[in-house]
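J.: quick one, what's the 3D model for this:
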Amino acid sequence: MQRPRKKKINKLTPNLLYKPIQEHLADFKDDLYDKPRACPKCKSNNRKKLRTEKKLFCKIITSNRFRDIYVYVQRFQCKDCRKTYIAKAPFYDGMLYGKPIVDLILYFSAKNPFNRVEKIFLELGIQIDRDTVRNYALGFQNKVKKYAGMKIFDKTLGINLIRVMFDVEDVKELKRKYPHKKYDGLADETFPSIKGAKKKFKEVNRERKLEGKEPFKYPDGWTLAVSYLAMLKLYASIILSEVSFNKMFADLLLRALNGADYTLTDGNPSYSPENHERCLFHKAKNLAKKDRQLKKMKREKKPPDEIKAYLKQKYKELEEEQINLLKGKYPKFIEGNCFSGATTTNSIEGGNWRIKYELRTSYSKEDSITARAILICLYDSIYTFRNGMPNESFAHKHTHFNFERIMAC
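T.: Predicted coordinates for the structure are as follows:
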């Protein structure tokens, strides 16, 4: 087994950043955990004591070495099913380090690639390597799939994030808990590139151009699809796969939005939900492609400002028509004389598709990008600060979610 490389805390790192954390972790040293619990396999309380084990809780980085923090944990054996297990202790099953370390890894993995999390832990004075970060993120992903996986033909292809956050199956159940809220659903898909695909894409297109062939439009990518509740600002479900988006994926994705007042999509023919509406922006783009007046203006090489003014006017007319239509169909969303529900998928796409932005880098393995995408969606939904000011989200007020709830299941 390869030992971790020596690390040193940067001299610029303030003591206030890592000293209190190290002191808190050092308080666990030599603690004994011997309180019994039910057998995790058969739930029996019929057990016998075995040995007391010394378990590594964490590694602290000091000036010239790693300092191991150990605790002692009682091990039991179930008399009914013969399974051995540890007492109630700050550890998750199958995880080497203690719960506080694992939870912190998952928290930082929602905003940072795995190698960046390793660097952050260095600044906190804790030894963690990139592979450990990845393994714990994958462990969380596996637990989430078990708890809230959405299946097609017995294969888990998506995650029901509403179930993760609120312990309900869909919007219909969420409505029963919070009937006075408005539920406008959105669904959209994007395609983050697979690691190395952009370089290969450029090389292949360079060759195709020399051969006089039509170049490919996009590099190979993952299919990342999400559903979203726009007014509540939370993600409802997610699918990530190497397979192209299709009707089966669309139907699976929209299960969590069952019961939404209406569902807005970009017009992809794979979608067929009830109360289906089309994104105003995508509708305008498609109409612009067929607009004869616009084609004529381009042929006559009209000034860009004139073309822009024409498109702006056409969009304004289409927007007014769309909003009047939505007001008639969904009057509960009328506030004053305005329509408060979503008219475009921009709340998902804003910020250059927030999930793609937060991924920061490309991935070659499906489980790695899936683990990070799930954490990103949860982090983006459960917040207390947004738009430059304190702002508590609906999900933060009402969620049942925390890392331990999922990791301990």
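
J.: longest single helix anywhere in this protein?
T.: When the chain is parsed with DSSP state H, its longest helix is helix 304-329.

J.: after that helix comes which helix or strand?
T.: Per DSSP states H and E, the first helix or strand lying C-terminal to helix 304-329 is strand 334-335.

J.: which strands and helices sit next to the helix or strand following that following strand?
T.: Once strand 334-335 ends, the next helix or strand along the chain (criterion: DSSP H and E) is strand 338-339. Contact analysis of strand 338-339 by 3 or more C-beta pairs under 8 Å, 6 or more residues apart in numbering; DSSP states H and E lists helix 304-329 as its packing neighbours. In this view, the C-beta of every residue, glycine as well, is placed from N, C-alpha and C.

J.: average pLDDT for the helix it packs on?
T.: Computed over helix 304-329, the mean pLDDT rounds to 95.

J.: which of the residues in it are buried?
T.: Across helix 304-329, burial judged by 16 or more other C-beta atoms under 10 Å covers 310, 314, 315, 318, 319, 322, 323, 326.

J.: check stretch 181-200 too.
T.: Buried, per 16+ other C-beta under 10 Å, within stretch 181-200: 182-194, 197.

J.: next structured bit after the helix or strand of the chain with the lowest mean pLDDT?
T.: Counting by mean pLDDT, DSSP states H and E, the weakest-scoring helix or strand in the chain turns out to be helix 346-359, with a mean of 82. Using DSSP H and E, the helix or strand that follows helix 346-359 towards the C-terminus is helix 366-381.

J.: show me which positions of that next one end up buried.
T.: Using 16+ other C-beta under 10 Å as the test for burial, helix 366-381 gives 368-381.

J.: what's the span of stretch 83-94, first residue to last?
T.: Start-to-end span of stretch 83-94 (C-alpha to C-alpha, to the nearest Å) is 15 Å.

J.: and stretch 229-236, by the same measure?
T.: End-to-end span of stretch 229-236 (C-alpha to C-alpha): 7 Å.

J.: phi and psi next, for residue 75.
T.: Reported as degrees, to the nearest 10, the phi and psi values for residue 75 are phi -110, psi 140.

J.: which strands and helices lie in contact with the longest helix of the chain?
T.: So helix 304-329, by 3+ C-beta pairs under 8 Å, 6+ apart, packs with helix 280-290, helix 292-299, strand 338-339.

J.: okay, strands next: where are they in the stretch 51-200 of the chain?
T.: With strands called from DSSP state E, counting those that start in this stretch, the stretch 51-200 of the chain shows them at 66-78, 84-86, 149-152, 155-160, 184-190.

J.: quick one: buried residues of the first one?
T.: What it means is strand 66-78. Those would be 69, 71, 73, 74, 76, 78, for strand 66-78 by 16+ other C-beta under 10 Å.

J.: show me what the first one bridges to in the sheet.
T.: If I follow you right, that is residue 69. Residue 69 has these beta-bridge partners by DSSP bridges: residue 58.

J.: how close does the nearest residue to residue 339 once chain neighbours are set aside get to residue 333?
T.: With sequence-adjacent residues excluded and distances taken as C-beta to C-beta, 6 or more residues apart in numbering, residue 339 is closest to residue 323, at 4.9 Å. According to C-beta to C-beta, to the nearest Å, residue 323 stands 10 Å off from residue 333.

J.: how about the helices of the stretch 151-300 of the chain, start to end?
T.: Using DSSP state H, counting those that start in this stretch, the helices found in the stretch 151-300 of the chain span residues 161-166, 171-177, 197-210, 247-253, 280-290, 292-299.
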